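Engineer: Below is the sequence, then the predicted model.
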Amino acid sequence: MSGTTIGLAILLGLVGFIVYFVAYLFAHGGTVYAISDLYLGRSTSIGASLRRMRGQAGTLLGVLILNGLVVMVTFILLIIPGVYMACRLITCIPAALLENLGPRESLERSFALTKDNAGRSFVIYLLYLAIFYAMFFLLAFPFLVAIAFSVKNPAMVTLWTMLMQVGNTLAAILVTPIFTIASTVFYYDLRVRKEAFDLQIMMNPNEAALPTSGGLPSIIS
């Protein structure tokens, strides 16, 4: 394979990754907006939810990066604090999009909302992982077994590996929206329990989500 061909393949791969990631941001954020509208009894559509992501993709990217960094650092320190931090930050994306918060503020907001509720967050993660691995065993694991039986045939190993990656990607595409839906509903449930959000909506149906102060200064200040 010539250097030009390799360079073209790398370029196409990079472009494909960028397109995929942008699509992921819009799909993730659009799902949050759609679930929010349905929760609040408003009419919505796929197009309307995606249009609300205009101008929000950068914010969502910042939240994902900061959230990932915080969780990664705590995982490096110890696994249990890392899991705990992931549970406390589970609602940072709904908070960022629905309350128009920046990356840092959304993490602080989630940390405040999930106080005394890390266990419920953990259950959501467990269910998500259970569903994901069930889909993985259904869509990707058979190809992993095929690889083991084809170790002496490099061409077949390459084929089975590609099919396994496709199956793994498909499993992620199918299961990730379930987690997004669960975390968004959980966000509203916490607001209802802690801030009587349902009463706020009853008194003023057009009221936007109102942020309240939270804190995570020791982690990201």
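Structural biologist: Thanks, I have it.
Engineer: and the longest helix for the protein?
Structural biologist: If you go by DSSP state H, the chain has its longest helix at helix 154-195.
Engineer: now the residue nearest to the spatial centre of the chain: how far from residue 143?
Structural biologist: Centroid check for the chain by CA atoms, centre = their mean gives residue 180 as the closest residue, at 5.8 Å. Residue 180 is 27 Å from residue 143, where distance means CB to CB, to the nearest Å. Every C-beta, even on glycine, is put in place using the N, C-alpha and C of the backbone.
Engineer: Please name the residues that touch residue 61.
Structural biologist: With contacts defined as CB atoms under 8 Å, 6 or more residues apart in numbering, the neighbours of residue 61 are residue 25.
Engineer: how does it look with 10 Å?
Structural biologist: 21, 22, 25, 103 (CB atoms under 10 Å, 6 or more residues apart in numbering).
Engineer: name the element the first one belongs to?
Structural biologist: Here residue 21, judged by DSSP states H and E, is contained in helix 3-39.
Engineer: helices or strands up against the helix or strand following that helix?
Structural biologist: Sequence-wise, the next helix or strand downstream of helix 3-39 (DSSP H and E) is helix 46-51. Counting contacts by 3 or more CB pairs under 10 Å, 6 or more residues apart in numbering; DSSP states H and E, helix 46-51 packs against helix 3-39.
Engineer: Name the residues of the helix it packs on that are buried.
Structural biologist: By neighbour count with 16 or more other CB atoms under 10 Å, helix 3-39 contains the buried residues 25-37, 39.
Engineer: for it, the distance to its chain's centre please.
Structural biologist: 13 Å (CA atoms, centre = their mean, to the nearest Å).
Engineer: if we can go back for a sec, now the longest helix of the chain: mean pLDDT?
Structural biologist: Model confidence over helix 154-195, given as mean pLDDT, is 87.
Engineer: Then stretch 39-51?
Structural biologist: Mean predicted confidence for stretch 39-51 is 82.
Engineer: Give me the contacts around it.
Structural biologist: The contact list for stretch 39-51 (CB under 10 Å, 6+ apart) reads 26-27, 29-38, 52, 98, 181, 184-185, 187-189, 192, 197-198, 201, 205, 207, 209.
Engineer: Buried residues, that stretch. List them.
Structural biologist: So for stretch 39-51, counting by 16+ other CB under 10 Å, buried means 39, 40, 44, 49, 50.
Engineer: Please apply the same query to stretch 84-101.
Structural biologist: Buried-residue list, stretch 84-101, by 16+ other CB under 10 Å: 84-99, 101.
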